[in-house]
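Undergrad: Give me a model of this one.
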Amino acid sequence: MKQLKKTISLPQIIALYTAAVLGSGILIVPGLSAQIAGPSCLIAWAVMAVFTLPMAITMGWLSAKYPHAGGVSHFVTLAYGKQAGIYIGWFFIMSVMIGAPVAALTGAGYLSSAMGWGESGRILAGVAMVLGALILNCHGMELGGKIQVAIVSSILIVLLLAIFGAVPFVQASNFSPFLPHGWIPVGVATTILFWCFIGWEAVSHLSEEFANPQRDSIIGVICAAIIVGTIYFFTAFVTVGTGSYTHADTAISFLMRFTFGKSGQLLTAILCFLICSATVIAYTGAASRLAFALARAGNAPVFLSRLSKRQTPTGGLALMAVGFTLSFTFYSTGVISLAHLLLLPNASFILTYAGGCAAAIKLLKDSKWRQLISLLSFLLTVCILPFVGWALLYPLFIAFLVTFYLLWRKKHTAPVKHGIFPGDSDSIL
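TA: All right, here's what the predicted structure looks like:
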């Protein structure tokens, strides 16, 4: 059976987890949550920073116990059978096909605005970002992981400088009244913050390439959870303390100005571009490896199982390139707006994560403590699902396509012994 090379070390694992979770939300959500709940939004941030640990560690445990390019799809297959794993796998892949271009356009939008490039410049910068992610992943995670460490380190240094630079401007009066609108807005803010803490499932698809998955999966995810939770909370703290949240969509720019002066706007744009680049690299790598794993098990077209001489999943990367091209085409021609593109994959991402947590409840039954944490993660994820609204149509569309493909394959593939179709094997994802 084809195997991917084990080249990802602990620092790279921490960087990949951090990049997958610390997305462009850091630039907008701290200000937006403060506008909704006022200073009491800090309660929501503290709650989510704590609750993200069970969500993160659940995926860490699964990756340590079952390191596999199939990631969450593989976990679901082990727990609930091949059919369930196939659907979960395609939910993730087709979500990334839209989610990665959205992240790229978000980061490119900040950069384009700061540089005065206009809409065409934004699209070109976004295309350059996803193209860079595809090329890096094609070269392999040994190089890509090192670049991720450099990018994430740069992001964290700049954010920490912005936070420390803003501390002298924090005023106690900005924290009063602490509950200006009561407790209900705190709950509303918490649901919004949930999006800032999703992404732990993505790196599970890279676990087959971890040099020491049993040790590094847990250490890596815990370190990343602490880093992400701390950065988010203190960004929110100085956003409230300096009163920057009166401009929710540019709050981070105000924080940057405290430390970097007039150059803060340009630095914010570069920071956003780097943050989104790191996210796109991580998710592109995850989805391409999942496509490879599905094809390796005979549950996707065989060309997706192709590997390069460097043992990188060129078939999966080609699929992602096609998906990215379609997303950029739909956006650039005005067929769909960025706002609708942003909302479209939400439900399928949540279903993917919920599937992983549900699998953990069954797979980690040797430990009641781990089972309890997995159950908590599952409930937290399911509670957010009703808020996605019409975006539930997208996973239904994906399920229709997958069902059609499976029925077509069953009809056009001659059965062999024991009723197993060629391309299918007794091995799971």
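
Undergrad: now the residue lying closest to A114 once chain neighbours are set aside: how far from I275?
TA: With CB to CB, 6 or more residues apart in numbering as the criterion, A114 has its nearest non-adjacent residue at 3.6 Å, and that residue is A269. For the C-beta atoms, the positions are set from N, CA and C on the backbone; glycine is no exception. Look at A269 and I275: by CB to CB, to the nearest Å, they are 11 Å apart.

Undergrad: of these two, who's got more company?
TA: For A269 against I275, the residue with the higher neighbour count under other CB atoms under 10 Å is I275, and the figures read 27 against 22.

Undergrad: Tell me if the more buried one really is in a helix.
TA: Yes: assessed by DSSP: H, G, I helix; E, B strand; the rest coil, I275 belongs to a helix.

Undergrad: what about it, distance to L351?
TA: Here the distance between I275 and L351 works out to 25 Å (CB to CB).

Undergrad: cool, V167 as well?
TA: Note on V167: its distance to L351, by CB to CB, is 40 Å.

Undergrad: swap in I192?
TA: Using CB to CB, which is the criterion applied here, I192 is 19 Å from L351.

Undergrad: circling back to that earlier point, out of V167 and L351, which sits in the more crowded spot?
TA: Counted by other CB under 10 Å, V167 and L351 do not tie: L351 has more neighbours, with 24 against 14.

Undergrad: Is it correct that the more buried one is in contact with L396?
TA: No: checked against CB atoms under 8 Å, the pair L351 and L396 is beyond contact range at 10.4 Å.

Undergrad: now stretch 233-253: mean pLDDT?
TA: Looking at stretch 233-253 alone, the average pLDDT works out to 78.

Undergrad: Of all the residues in it, which ones are buried?
TA: By neighbour count with 16 or more other CB atoms under 10 Å, stretch 233-253 contains the buried residues 234-245, 248, 250-253.

Undergrad: Contact partners for A360?
TA: A360 makes contacts with T58, M59, W61, L62, F75, R370, Q371, S374, S377, F378, as judged by CB atoms under 8 Å, 6 or more residues apart in numbering.

Undergrad: Determine the three-state secondary structure at it.
TA: Judged by three-state DSSP, the three-state class of A360 is helix.

Undergrad: What distance do you get for it to A64?
TA: As defined by CB to CB, A360 lies at a distance of 12 Å from A64.

Undergrad: Same check on R289?
TA: Taken as CB to CB, the spacing of R289 relative to A64 amounts to 17 Å.

Undergrad: From one end of stretch 202-217 to the other, what's the distance?
TA: Its start and end residues considered, stretch 202-217 measures 13 Å (CA to CA, to the nearest Å).

Undergrad: who touches that stretch?
TA: Contacts to stretch 202-217, defined as CB under 8 Å, 6+ apart, come from residues 3-10, 13, 16-17, 20, 59-72, 75, 92, 141, 220-221, 282-283, 285-287, 289-290, 293, 356.

Undergrad: Among the buried residues of stretch 233-253, which are located in helices?
TA: Using DSSP state H, the subset of the buried residues of stretch 233-253 located in helices is F234, T235, A236, F237, V238, T239, V240, G241, A251, I252, S253.

Undergrad: lowest-pLDDT helix or strand in the protein?
TA: Of all regular secondary-structure elements in the chain, judged by mean pLDDT, DSSP states H and E, the least confident is helix 251-260 with a mean of 76.

Undergrad: related to what we said a few turns ago, how about the ones in helices among the buried residues of stretch 233-253 in CSV, adding distance to A44?
TA: Formatted as CSV, these follow (distance: CB to CB, whole Å):
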residue, distance to A44
F234, 14
T235, 13
A236, 9
F237, 12
V238, 16
T239, 13
V240, 11
G241, 16
A251, 16
I252, 18
S253, 22
